[in-house]
Each structure stands twice: as C-alpha cells, then as structure tokens.
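*Asks:* build me a model from this:
(one chain, ligands or ions: 2)
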Amino acid sequence: MSGFVDEAQLNVRGGDGGAGCVSFRREGPEAMGGPNGGDGGKGGDVWLVATRNVASLLAFRDHPHRRAKDGVHGKGKDQHGKRGEGIEVMVPEGTIARDMYTGELLADLVHHGDRWLAAAGGRGGRGNAKFWSNRRRAPSYAEQGEHGVDQWLKLDLKLMADVALVGFPNAGKSTLISSISAAKPKIAAYPFTTLEPHLGVVSVDSDTEFIVADIPGLIEGASEGRGLGHQFLRHIERARVLCVLVDLESTDGVSPAEQERILLGELGNYEPELLERPRLVVGTKNDVGFETEWDGLRISAITTEGLRVLVGNLAELVSKVRHEQPNQEGIVIIRPEVDGAVVERIDENQFRVRGRNVERVVALNDVTTPEALNWIDERLKKLGVDRLLSRAGAQDGDVVWIGEFSFEYEPDL
Ligand SMILES: Nc1nc2c(ncn2[C@@H]2O[C@H](COP(=O)(O)OP(=O)(O)OP(=O)(O)O)[C@@H](O)[C@H]2O)c(=O)[nH]1
Ligand SMILES: [Mg+2]
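*Replies:* Ligands and ions are numbered 1, 2, ... in the order given. Reported below is the predicted structural model:
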C-alpha cells in the first residue's frame, strides 16, 4: 500500500495568555498602597500525540480547527489568573506535520506516545506588582497577555493497511468494504471489477479505527503471476491481518472450503509467512447462500448480517498485532527555536526587527503609556536591538517595525 497517502490540513492555535492586572493595595481610606496586580494565566498548549488507535486523518476533514483555552486575566490582591487548559490532538502513528505554507518539516510522529508541541499557549502578562522597584514605586501598567501560536499545518500519513480482503473475483470484497467504511469502489456482477486496491477507514468507535484494503480478486495460479497475481499479492503482504472471503453462493460450484484451500495455497506459495499472519475466514452472501455447507462466520453485505461481529473480530486482531509489532524505527523531529533577532531593511527609511524575544517584548506590553514605552525601550536595548539597527544603517527618524507596531528610531547619543 506504499502508494497511499492520506493528507489533511489542520489549524492549531494555542490559548492567549491572560492580561496582568494593575491594582494597588489600599492602606487607608485615601492613600494608595503598593502595587498588587496579579499576573495573567498562561494560555493552553496544543499537542499532537501519536496513537495506535487511530489509522487515518479523516477526523480533520470536517473539523480542521483545534484550539486550546485562554489564560484567565490577573486580578487585584495578587491573584494570578488560572492557566488555560491545553489539548492533545490524536494523530495516527507515522503522521508527518509540515508548515502548510512553506512545506518545512516540523515533526515526524512515529511511535505511539510521540508528542509534539504544535502551538504553544501565550505567556500570561505580568501584573503591576512585578514592576515595582525602588525607582518605580507606583507602576501604573501591566503586561498584556501574549497571543498563542496560531499556525496551519499540513499533515501527511503513509497509509498502512491493517486488513487486506482476500478472495476470488466476485466474492463480494468491494461490497463489503463499501458497507463497513466510506470507501466507494465499483461493484458489479462480473469478475475483475476491481483492478486496483482501494482503502477504506473503518470506525469502530469514536477513538478506534482501522484500515481495510480491497484487493482485486485472486485466481488460481496468482502466485505464479497469473492475472496480475504478484502485484496484488504484494499488497496483501503489507497488511497486518488477512480477511479471506469465500463465496457461499459461488456460481461455478466451487465449495467455500475448496475456495479457502485454493486461496491459502496461493498465499503460501507466494510467501509462506503469509500463512502465519492472523486471519479470519468469512462466508459472504449469506442472504442467498445460507444453505451452503460452511462452519465459519457468515455475513451478508446486503442485509448487514454478521457485519458487526466481523468488524469487532477484525478490530481485536488488528489491535493485538499493532501492540505486538510497533511501528518502524524513526525519530521525532522538533523544530529548533529561533532565538536571535534579525533586522531587515524594508525600504530607505523603514526596518523590520524579527525574533521571538524581541517581538514578545512589544506584544506583551501596552504601548500606550510613556512609562511602559520606557520599559520596552530598556528591554529592547538589553536584547541588542539598538546595536543591530545602527549596524544596519538606521538613521534618526527612521521607522522601525516590530510585530504589529512601529517606532521612530532614536539613536543613543
Ligand atoms: N446477494 C448478495 N450479493 C452480494 C453480496 N455481496 C456482494 N454481492 C454481489 O456480488 C457481486 C460481486 O460483488 P463485488 O463486491 O463487486 O465483488 P468483488 O469481490 O469486489 O469482485 P472483484 O472486484 O471482481 O474481485 C455484485 O453483483 C454484488 O452485488 C451479498 O452479501 N449478498
Ligand atoms: Mg471488487
């Protein structure tokens, strides 16, 4: 099934940090006491977590947004706001996350339990109590909360079939997959209707699913290459569990037991290990073939008889195999944090400063009071922004953009 890729777009958004509070202790009916504004709570994080219970990216088709809760604002009397609750987004083992716009690889979640912080929640703003100093005894400002990271991801998953449907042409494989999944293969009353494998996702309950492959019919001699036999057997070889379908209403009079014997013979001829694979043998078309001799499970894709039992049994086998043979080796790749600030010249008199810490200083602060602006100025200087700007050739009066805000550049004399 190596050619099958599932893909989805996913928007992840961390919660916003709560704002810090400006508040002062009351020490008498009139006098203003020291600052006691509490900090805002951190916004919740969004994690992607690999799980073996999910097999596809189907869940994101109709619901592509995942957002964590915002942090609560700080309050007076040094009360800090509560953290926003984080969320875990379950993805199948083997999911690769890229930046949707640049295609940059962000994470490769290979094994059950692998986790990646896809969207960090924003930091909570500090309350004015944190800005008290000997010089500044009545700080009249607090930080805003930082916005959570908001990004669009493209998820890719190489689909691995959990169950391969094996049977003669016309056995009812396509009809079965279309009645237990959303796959819509062509179905017809003549053999060789299906010429290429199809995959369907079977949802057992809200957090368990597995993938079934509808493989074109095998004929006697498939293991010697008859009727594209090798090609189809190669697909079967990649599945974890085999579901062998025998036709209870076989028109050419081959009994179900004989069909099973021939099919297993072809599998074993091609690759003896295939006979060790967990398998379920099922009689199909029981609505018309109910009089035929057969001891095994009976189903009818038309009346849905036996389908629930079949899906339950397959899910159990799949889950067992998934636990026994964990996914292939791999590593979790996590994007390194870019820390340093960079100055870009936009035009003759405008510059943009980029960098997480620098942008944070501006985003976190209320830029409307002179006091706060002074504080921002000090922080930016400490981060070396002035030095970078003067090196980049900024002149007195040039406009400097940081995040959503612009400032006038004033060189230190
Ligand atoms: N009565 C009855 N007919 C069925 C049932 N399942 C499938 N059929 C019929 O059997 C014929 C073949 O079904 P398909 O699902 O196309 O069989 P297939 O195994 O996919 O066949 P190939 O793709 O040719 O290998 C169609 O006419 C179906 O309508 C069933 O449960 N009951
Ligand atoms: Mg078919």
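
*Asks:* rest of the way, CA atoms for contacts and neighbours
*Replies:* Fine.

*Asks:* which residues of this structure lie near ligand 2?
*Replies:* For the chain, the contact set with ligand 2 under Cα under 5 Å from the ion comprises Ser174, Thr194.

*Asks:* rerun at 6 Å
*Replies:* Those residues of the chain that sit near ligand 2, judged by Cα under 6 Å from the ion, are Lys173, Ser174, Ile187, Thr193, Thr194, Pro216.

*Asks:* residue of the stretch 301-413 of the chain closest to ligand 1, please.
*Replies:* Residue nearest to ligand 1 within the stretch 301-413 of the chain: Ala301 (3.8 Å; Cα to the nearest ligand atom).

*Asks:* tell me the SS of that residue?
*Replies:* Here Ala301 is coil, with the state taken from DSSP: H, G, I helix; E, B strand; the rest coil.

*Asks:* if we can go back for a sec, so which of the residues of the chain next to ligand 2 are in helices?
*Replies:* Taking DSSP state H as the definition of helices, the residues of the chain next to ligand 2 contribute Lys173, Ser174.

*Asks:* now the residues of the chain next to ligand 2 as JSON lines including distance to Ala19, neighbour count and pLDDT?
*Replies:* Listed next are the residues of the chain next to ligand 2 as JSON lines, based on distance: Cα to Cα, whole Å; neighbours: other Cα atoms under 10 Å; pLDDT from 0 to 100:
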{"residue": "Lys173", "distance to Ala19": "59", "neighbour count": "29", "pLDDT": "94"}
{"residue": "Ser174", "distance to Ala19": "57", "neighbour count": "27", "pLDDT": "93"}
{"residue": "Ile187", "distance to Ala19": "60", "neighbour count": "17", "pLDDT": "82"}
{"residue": "Thr193", "distance to Ala19": "63", "neighbour count": "16", "pLDDT": "76"}
{"residue": "Thr194", "distance to Ala19": "60", "neighbour count": "20", "pLDDT": "76"}
{"residue": "Pro216", "distance to Ala19": "61", "neighbour count": "29", "pLDDT": "87"}
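
*Asks:* can you pick out the most distant pair from the residues of the chain next to ligand 2?
*Replies:* Ile187 and Pro216 (11.5 Å; Cα to Cα).

*Asks:* joint contacts of the two?
*Replies:* In terms of Cα atoms under 8 Å, 6 or more residues apart in numbering, Ile187 and Pro216 are both contacted by the residues Thr193, Thr194.

*Asks:* what confidence value was assigned to the residue nearest to Glu237 when sequence neighbours are not counted?
*Replies:* In space, and not counting its chain neighbours, Glu237 is closest to Leu274: 6.8 Å by Cα to Cα, 6 or more residues apart in numbering. Here the pLDDT value assigned to Leu274 is 93.

*Asks:* list the contacts for Leu274?
*Replies:* Glu237, Leu267, Gly268.

*Asks:* secondary structure and pLDDT added to those, as TSV?
*Replies:* Shown next, in TSV, are the contacts of Leu274 (DSSP: H, G, I helix; E, B strand; the rest coil; pLDDT from 0 to 100):
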residue	secondary structure	pLDDT
Glu237	helix	85
Leu267	helix	93
Gly268	helix	94
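
*Asks:* put the buried members of the residues you listed into a PyMOL selection.
*Replies:* Applying 16 or more other Cα atoms under 10 Å to these, the buried members can be selected in PyMOL as follows:
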select buried, resi 237+267
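
*Asks:* picking up where we left off before, need the residues of the chain next to ligand 2 in JSON lines (columns: distance to Ala119).
*Replies:* Shown next, in JSON lines, are these (distance: Cα to Cα, whole Å):
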{"residue": "Lys173", "distance to Ala119": "42"}
{"residue": "Ser174", "distance to Ala119": "41"}
{"residue": "Ile187", "distance to Ala119": "44"}
{"residue": "Thr193", "distance to Ala119": "46"}
{"residue": "Thr194", "distance to Ala119": "43"}
{"residue": "Pro216", "distance to Ala119": "43"}
